[in-house]
Structures are given as C-alpha cells and as structure tokens.
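# Generate a structure from the sequence data that follows.
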Amino acid sequence: MCNRAGGLIARVLESYQISTVSLSINLSISQRIGCPRTVFVKFPHGASFGEPGGRDQQLTVLRDMFWALQDLDEPGGIVEPGYRWRRTTYSPVPPESFQREVETTAETP
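Reported below is the predicted structural model:
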C-alpha cells in the first residue's frame, strides 16, 4: 500500500478512536499528509520491513512500530530509528521485548 493511502486510512481509523502507526519509507509524504504516528525507515521500496529472509531485522522494525504506538501521543509524531539498509546488524528479538511496562501515575483521593 502506498504511503498516501496508508496515511489517509490511518487518519480515518483514528477519528473512530482506533490507534494506528504507519511504516514509511518516504518521510516528506508522511509529513505532508499528517499520519497520526509514523516509523520512518530508509529502506528501499518493496522492503519496508527489511531484507527478504531477515527475520531479526523485520521483527525489530515491527517491535519499534508497537513501541511507537505507545510512545507517540502527539498527532503527526515521527520516529526514525536510524537503521541503515544492509549496514546494521540485528540481534534476535525475544517475544517479551514486544511488551513494555506502562508508567502509571497514582491518583490521590
């Protein structure tokens, strides 16, 4: 799906209180259409999650998308993890790394 269509669909879903995060390889388009939350990677077209067969790379990008969903609370927020195509070594991603503790503030009566 192209960045424009994905961003527009995300905005509609957000209007129904459904949180979204987009994965983008074109930063200027993502900024222009105002995606609610975006993870920007400098990867080639057709490989936005990473290299074919690059399981650890792909899971790292997916995990960062889940984290962005939790971290970006301002509309139009963009995270750029800084991964470099074929120049970054990725460690295995343990399943528990997809879950992070959510900070809560105690309310006083």
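
# so what's residue 79 scoring on pLDDT?
Note for residue 79: predicted pLDDT of 94.

# residues in contact with it?
For residue 79, the contact set (CB atoms under 8 Å, 6 or more residues apart in numbering) comprises 37, 38, 39, 40, 64, 68, 71, 72. To be clear about C-beta, it is placed using only N, CA and C from the backbone, and glycine gets the same treatment.

# if you set the cut-off to 10 Å instead, what comes out?
Residues in contact with residue 79 (CB atoms under 10 Å, 6 or more residues apart in numbering) are 21, 37, 38, 39, 40, 41, 64, 65, 67, 68, 71, 72.

# if we take these, which one ends up nearest to residue 48?
When the contacts of residue 79 are ranked by distance to residue 48 (CB to CB), residue 41 comes first, at 6.4 Å.

# sorry, back to before: how about JSON lines for the contacts of residue 79, with pLDDT and distance to residue 5 added?
Putting the contacts of residue 79 into JSON lines (pLDDT from 0 to 100; distance: CB to CB, whole Å) gives the following:
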{"residue": "21", "pLDDT": "92", "distance to residue 5": "15"}
{"residue": "37", "pLDDT": "91", "distance to residue 5": "16"}
{"residue": "38", "pLDDT": "92", "distance to residue 5": "14"}
{"residue": "39", "pLDDT": "94", "distance to residue 5": "17"}
{"residue": "40", "pLDDT": "94", "distance to residue 5": "17"}
{"residue": "41", "pLDDT": "94", "distance to residue 5": "18"}
{"residue": "64", "pLDDT": "93", "distance to residue 5": "22"}
{"residue": "65", "pLDDT": "93", "distance to residue 5": "18"}
{"residue": "67", "pLDDT": "92", "distance to residue 5": "24"}
{"residue": "68", "pLDDT": "92", "distance to residue 5": "20"}
{"residue": "71", "pLDDT": "90", "distance to residue 5": "25"}
{"residue": "72", "pLDDT": "90", "distance to residue 5": "20"}
